[in-house]
Structures are given as structure tokens and as C-alpha cells.
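Novice: everything below, folded, please.
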Amino acid sequence: MSEAILPGKNRAAKVSVFFALGSFGAMANFATPIGWLNPPVFVGLALLCALVAVPAGHVGRFRARRLSGDGKGMALAGLLGGWLMLLVTLLALASVFGLLVGLSLLADAS
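Specialist: Residues are numbered from 1 along each chain as shown. Presented below is the predicted three-dimensional model:
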């Protein structure tokens, strides 16, 4: 059925887009109350999906060259989405780490 929706032979490009969208979906849970119940789960899931989307996007772009451009745009979208979500998740982890360090320094000062 997915072949009818996304025709073509570049499966790596489809995988890249799927996991990039999964990463966006995991981070979108923070717009709902469920995302704030256990944030590390959703950030970890977003990071994992992004780590799959990036290599799959590179493989998809390589295969697109061999398949005369089939899936080239999908692979690029998955690749850019994966890198963007890697950046967002790493910034989120750095901000949480900075918050914890700042709070521990504040607790030591008093």
C-alpha cells in the first residue's frame, strides 16, 4: 500500500523521511500534557529517530544518484529533518544540563 502512496525504488529515502517525521512527532508531544510527564523518553526517542534518519538520508541520496534522481528530494528532506532534530535535541539536552548545574550551584551558595 505504501508503494501506491510513495512510488519508487529508493527505500532508504522513504526510511529517512519516516524517521525524520517520527523525530518531529516525538518532540511535538511537548505541545501536549503527556510530553511533560516523562520528557527524557520523548527527547530520547527524538534523538534515536534522528540518528536513524541522517544515515538513511545519506544512503538515499547516494542511491538517488544511481537511480537517476528517484527519491532525491525525499532523501534530502529526511536528511535535513534529521540534522535539524539532532540540533534541537542536543540543544534541549544542553539546556537541561545547564539548568541542573545552575540549580546545584545555587543550592551550594545558600
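Novice: which residues of the chain score low on pLDDT?
Specialist: Within the chain, the ranges that satisfy pLDDT under 70 run 1-8, 110.
Novice: for the longest helix seen in the chain, which positions count as buried?
Specialist: Longest among the helix segments of the chain by residue count, using DSSP state H, is helix 72-109. Buried residues in helix 72-109, counted by 16 or more other CB atoms under 10 Å: 72, 74-79, 81-82, 85-86, 88-89, 92. Placement of C-beta: from N, CA and C, glycine included.
Novice: so which elements touch it?
Specialist: Applying 3 or more CB pairs under 8 Å, 6 or more residues apart in numbering; DSSP states H and E, we find helix 72-109 packed against helix 11-28, helix 39-66.
Novice: reformat these as JSON lines; add mean neighbour count.
Specialist: Below are the helices and strands packed on helix 72-109 laid out as JSON lines (neighbours: other CB atoms under 10 Å):
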{"stretch": "helix 11-28", "mean neighbour count": "21"}
{"stretch": "helix 39-66", "mean neighbour count": "19"}
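Novice: turn the buried residues of helix 72-109 into CSV, columns for distance to residue 105.
Specialist: Formatted as CSV, the buried residues of helix 72-109 follow (distance: CB to CB, whole Å):
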residue, distance to residue 105
72, 49
74, 46
75, 45
76, 43
77, 42
78, 40
79, 39
81, 36
82, 35
85, 30
86, 28
88, 26
89, 25
92, 21
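Novice: now the most centrally placed residue in the chain, nearest residue through space, not along the chain?
Specialist: Nearest to the mean C-alpha position of the chain, by CA atoms, centre = their mean, lies residue 50 at 2.9 Å. The spatially closest residue to residue 50, leaving aside those adjacent along the chain, is residue 85, at 4.0 Å (CB to CB, 6 or more residues apart in numbering).
Novice: give the contact list for that neighbour.
Specialist: 20, 23-24, 27, 46-47, 49-50, 53 (CB atoms under 8 Å, 6 or more residues apart in numbering).
Novice: and the gap between it and residue 55?
Specialist: 14 Å (CB to CB, to the nearest Å).
Novice: what's the answer for residue 13, then?
Specialist: For residue 13, the distance to residue 55 - CB to CB - is 12 Å.
Novice: just residue 17 next, same as before
Specialist: Distance from residue 17 to residue 55, by CB to CB: 13 Å.
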